[in-house]
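Trainee: Sequence and predicted structure below; questions after.
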Amino acid sequence: MADPLIVKICGIKTHDLLDATIAAGADMVGFMHFSRSPRHVSIDELGGLISAARGRIESCVVLVNPDNSCVAEVAALGPDWIQLHGPETPHRVESIRAEAGVEIIKALPIGSAEDIAQVAAFAEVADRILLDAKPAKGADRPGGLGESFDWRLLEALDPSISFMLSGGLTPENVAEAVRQVGPMGIDASSGLETAPGVKNTKLIEAFIRNARAAV
Ligand SMILES: O=C(O)c1ccccc1N[C@@H]1O[C@H](COP(=O)(O)O)[C@@H](O)[C@H]1O
């Protein structure tokens, strides 16, 4: 039997939404710690959310090119995962992983065949790979933009590399994504919102239902 699909809901900001996401059947939640994001939560808020998630659902803190003090501060809160969503090199991913002692998801922007060629080097140093849409030039943040990419590019990826898929996933397109791409997991944020940073429980429930029905 195939491994179950991992469903991650990212950009959770409140305890009510955390509870609703757990009740909806997600496997992982993501908390953004990046001040330019409409989903940003402070270190104090992160501590409360990670504690509330512990033992109920896997928690992941999303960071963008963090310095060592930020990594240490976040790691001390005890999340299950840290997601690196910036221009971190394989060497930097390796050193953050060693320093934090937390499993690492490395998010990689995909927009061309050249981007696919970079994935293997990161798969060697990260615990999990997340393939996301490459942001347009001039975008003010490297993710959470609700943009998808041409999934046919993934046909060139080494089939032994497992990955999660993100980028513009919604309740409407998630079944097609799961069937066409066959990822180990999926991750969504803006497609589950009614305004930037404002998640909707009904959209989260529909997303999870449609994703699981497609496996
Ligand atoms: O959500 C953000 O604002 C964000 C900012 C900086 C880096 C990553 C961010 N979000 C992550 O991007 C992917 C895809 O998001 P979307 O579904 O296209 O909105 C996901 O992992 C988000 O958590």
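Mentor: That came through fine.
Trainee: Pull up the distance across stretch 180-197, start to finish.
Mentor: 28 Å (CA to CA, to the nearest Å).
Trainee: So that stretch, near the ligand or not?
Mentor: Yes. Using CB under 6 Å from any ligand atom, stretch 180-197 reaches the ligand at 187, 188, 189, 190, 191. C-betas here are computed from N, CA, C, even on glycine.
Trainee: OK, contacts around the nearest residue to the last one once chain neighbours are set aside?
Mentor: Leaving out its chain neighbours, the residue that sits closest to residue 191 by CB to CB, 6 or more residues apart in numbering is residue 170, at 3.4 Å. Shown in contact with residue 170 (CB atoms under 8 Å, 6 or more residues apart in numbering): 188, 191, 192, 203, 207.
Trainee: what does residue 87 give?
Mentor: Taking CB under 8 Å, 6+ apart as the definition, contacts of residue 87 comprise 65, 142.
Trainee: Now, the residues of stretch 180-197 next to the ligand that are in strands?
Mentor: Members of the residues of stretch 180-197 next to the ligand lying in strands (criterion: DSSP state E): 187, 188.
Trainee: buried subset of the residues of stretch 180-197 next to the ligand?
Mentor: The neighbour count (16 or more other CB atoms under 10 Å) marks 187, 188, 189, 190, 191 as buried among the residues of stretch 180-197 next to the ligand.
Trainee: from those, which is closest to residue 73?
Mentor: residue 189 (22.7 Å; CB to CB).
Trainee: sorry, back to before: farthest pair within the residues of stretch 180-197 next to the ligand?
Mentor: 187 and 190 (11.2 Å).
Trainee: now residue 187: how far from residue 143?
Mentor: Using CB to CB, to the nearest Å, residue 187 is found at 10 Å from residue 143.
Trainee: what sits in contact with each of those two?
Mentor: What both residue 187 and residue 143 touch, as defined by CB under 8 Å, 6+ apart, is the set 132, 166.
Trainee: Reformat the buried ones among the residues of stretch 180-197 next to the ligand into CSV and put distance to residue 148 next to each item.
Mentor: Output for these, formatted as CSV (distance: CB to CB, whole Å):
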residue, distance to residue 148
187, 12
188, 10
189, 12
190, 11
191, 9
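Trainee: pLDDT for these - can I get that in TSV?
Mentor: Shown next, in TSV, are those (pLDDT from 0 to 100):
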residue	pLDDT
187	98
188	98
189	98
190	98
191	98
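Trainee: Low-confidence bits of this structure, can you list those?
Mentor: Where the chain drops to pLDDT under 70, the residues are 1.
Trainee: In it, which residue sits nearest the ligand?
Mentor: Going by CB to the nearest ligand atom, the ligand is nearest to residue 144 of the chain, at 2.0 Å.
Trainee: That residue: what's it in contact with?
Mentor: Here residue 144 is in contact with 10, 11, 32, 37, 38, 39, 189, 190 (CB under 8 Å, 6+ apart).
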